[in-house]
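Peer 1: Next come a sequence and a model predicted from it.
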Amino acid sequence: MEEAVEFTAKVHAEHIKYICTEYYDIDWSKVTNQTADNASVNKALARILGIPHCSCESHLLNSEVKLWLTNNTAPIETIGPNTRIYLPGTVVSLIHNLMVSLKNSNKNCAVLRGITDLTPKLGCPTRWGSNHNMLTAYQQMREAIIEANEDENSNIAMPPNINGSSFKKAVNKASLMMADINLISVKMQERMINLAACDELQDVLIQLSERNRSNPNSHWYGNTFGKLYIDPKSNKRPDVPFVSAVKKMQKRAGSTLNEEEIAAVEQWMPEKTVPTNNRTTTPATAADFFAQASTSVGGKRKSDDISQGYDDCMDHVIGSAAEVERLWSIARYILTTTRTSMTPVLFEALLFLRAHRELWDENTVKAAIHAVRKEQRDERLSKKIADAGEEDDIGVADAGEEKDDIGDGSN
């Protein structure tokens, strides 16, 4: 395949189809969806490939958190001589500026290193959970930062009234909220987590924020955390019927699919033979199947029938692209600047082994080494035998020629 000179959705689609069919022998009619972030090129890619686009739930949550912090970043409001109001976004912004001044200044770093072994951490928009790690690092380093600020060689961007109780409470509250969000985010990054599991985790966060919004004893009190991105029916999701149908099927609730959801998944449903009224009939469509499987004689629902061999055909649809993000992180330690001549086959093999560490151990490595050495010995032995056979043939031929020469001399 020719090297790409542009990276449009069309070029990506052609490349993906080529790799899947030529290298992995994948039947494209069996490809049900793509799971990726909502970048325009990804959504266009899904349209070109003719498959549904499942928005990465981790990216949606990250977008929700960024929107929440942006909407809660405002000037510090003073409501009394010793009382100030710090919104969560303001707290994160102040701590970020503080960490930047510590990390990017050699003088500040040198002063801080003389006081503590802890290092500053920054929030990064593309790294899920980085704001939580930054706030945690600040709380651990707080006393050391205050001490470093008193050094005449330092020039730290300290938040206003850092020793005030209002700022301490605001940091603690923001840190606890970010800890809850980070816990959900980390769980959504588990390997091969499906859509239904992601939906349940996001629902926990939604319920946590909504139920404690009016609870003065909760760190979520007065929060404005929304669900513009993570709501199941959000318009940020391109293919809502397909996503909704898959979630229900993964929860073994296929009998509750509506007509729109059935139409969204129908083309990937396997044929299923369902006994009805002691007779065996084969449904022509998914709608027929659900109609047969959800009722029996007397009109009683038989939801258990759905989970047997039908709902599970969508269990492979994952809810987060964290698996791919993880591969990128692993790949940078394999394909380094000193190993640029590595062949694609070797790179893929190393990446596979690093990503699937549970599939091999030291015994597997020993067996592979012995197998390679045995193969090399067999090749050398075969070559020696072949060479010896050639020498024997040459010797026989030479002896025949010599005999002919002697015979000619006697005549």
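Peer 2: Received, thanks.
Peer 1: Number of residues surrounding Ser29?
Peer 2: 9 (other C-beta atoms under 10 Å). Every C-beta, even on glycine, is put in place using the N, C-alpha and C of the backbone.
Peer 1: do the same with Met192
Peer 2: 12.
Peer 1: How about the residue positioned nearest the centre of the chain: what's its closest non-neighbour residue?
Peer 2: Nearest to the mean C-alpha position of the chain, by C-alpha atoms, centre = their mean, lies Ala322 at 1.0 Å. Leaving aside its sequence neighbours, Ala322 sits nearest to Gln189 (C-beta to C-beta, 6 or more residues apart in numbering; 4.0 Å).
Peer 1: Would you map the strands across the stretch 151-300 of the chain?
Peer 2: Applying DSSP state E, counting those that start in this stretch to the stretch 151-300 of the chain gives strands spanning 274-276, 279-281.
Peer 1: How much space separates the residue nearest to the centre of the chain from Arg113?
Peer 2: 34 Å (C-beta to C-beta, to the nearest Å).
Peer 1: Tell me the helix or strand right after the lowest-mean-pLDDT helix or strand in the chain.
Peer 2: Between all helices and strands in the chain, the lowest mean by mean pLDDT, DSSP states H and E belongs to helix 303-306, at a mean of 40. Next along the chain after helix 303-306, taking DSSP states H and E as the criterion, comes helix 322-334.
Peer 1: which sections of the stretch 1-150 of the chain are below the confidence cut-off?
Peer 2: 1-5, 76-83 (pLDDT under 70).
Peer 1: all helices for it, in order.
Peer 2: Using DSSP state H, counting those that start in this stretch, the helices found in the stretch 1-150 of the chain span residues 9-18, 40-49, 57-71, 88-103, 106-113, 130-149.
Peer 1: a markdown table please, covering the ones you listed and showing distance to Ala157.
Peer 2: Below are the helices of the stretch 1-150 of the chain laid out as a markdown table (distance: least, C-beta to C-beta, whole Å):
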| stretch | distance to Ala157 |
| --- | --- |
| helix 9-18 | 42 |
| helix 40-49 | 36 |
| helix 57-71 | 19 |
| helix 88-103 | 4 |
| helix 106-113 | 9 |
| helix 130-149 | 10 |
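Peer 1: Can I get those helices in a markdown table including mean neighbour count and distance to Asp203?
Peer 2: Putting those into a markdown table (neighbours: other C-beta atoms under 10 Å; distance: least, C-beta to C-beta, whole Å) gives the following:
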| stretch | mean neighbour count | distance to Asp203 |
| --- | --- | --- |
| helix 9-18 | 15 | 32 |
| helix 40-49 | 16 | 25 |
| helix 57-71 | 20 | 11 |
| helix 88-103 | 21 | 21 |
| helix 106-113 | 16 | 42 |
| helix 130-149 | 19 | 20 |
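Peer 1: Dump stretch 91-102 to CSV, keeping only the CA atoms.
Peer 2: Provided in CSV are the C-alpha atoms of stretch 91-102 (Å, rounded to 0.1, in the frame of the first residue of the first chain):
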residue,chain,number,x,y,z
VAL,A,91,-8.9,26.5,43.0
VAL,A,92,-7.6,24.2,40.2
SER,A,93,-6.4,27.2,38.2
LEU,A,94,-4.5,28.8,41.2
ILE,A,95,-2.8,25.5,42.1
HIS,A,96,-1.9,24.9,38.5
ASN,A,97,-0.2,28.4,38.3
LEU,A,98,1.6,27.6,41.6
MET,A,99,2.9,24.3,40.3
VAL,A,100,4.0,25.9,37.0
SER,A,101,6.0,28.5,38.9
LEU,A,102,7.7,25.7,40.9
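Peer 1: from the middle of its chain, how far away would it be?
Peer 2: Centroid separation for stretch 91-102 versus its chain: 28 Å, with C-alpha atoms, centre = their mean, to the nearest Å.
Peer 1: Can you give me the domain assignment for this protein?
Peer 2: Using automatic domain parsing, the domains assigned to the chain come out as 1-31, 72-189, 322-359.
Peer 1: Go through those domains and name the closest to Ala263.
Peer 2: domain 1-31 (17.3 Å; C-beta to C-beta).
Peer 1: what's the pLDDT at the nearest residue to Val265 once chain neighbours are set aside?
Peer 2: Counting by C-beta to C-beta, 6+ apart, the nearest residue to Val265 once its immediate chain neighbours are dropped is Ala245, at 4.6 Å. The model reports Ala245 with a pLDDT of 93.
Peer 1: In contact with Ala245, which residues are there?
Peer 2: The neighbours of Ala245, taking C-beta atoms under 8 Å, 6 or more residues apart in numbering as the test, are Leu257, Glu261, Ile262, Ala264, Val265, Met314.
Peer 1: what about it, distance to Asp37?
Peer 2: From Ala245 to Asp37 the distance is 21 Å (C-beta to C-beta).
Peer 1: Isn't Gly123 up against Ala137?
Peer 2: No - proximity of Gly123 to Ala137 does not meet the contact threshold set by C-beta atoms under 8 Å, at 10.2 Å.
Peer 1: Low-confidence bits of the stretch 201-350 of the chain, can you list those?
Peer 2: 271-311.
Peer 1: Helices of that one, residue ranges please.
Peer 2: Under DSSP H, counting those that start in this stretch, the stretch 201-350 of the chain gives helices at 240-250, 259-265, 286-293, 303-306, 322-334, 344-355.
Peer 1: out of those, deepest packed?
Peer 2: helix 240-250 (a mean of 23; mean count of other C-beta atoms under 10 Å).
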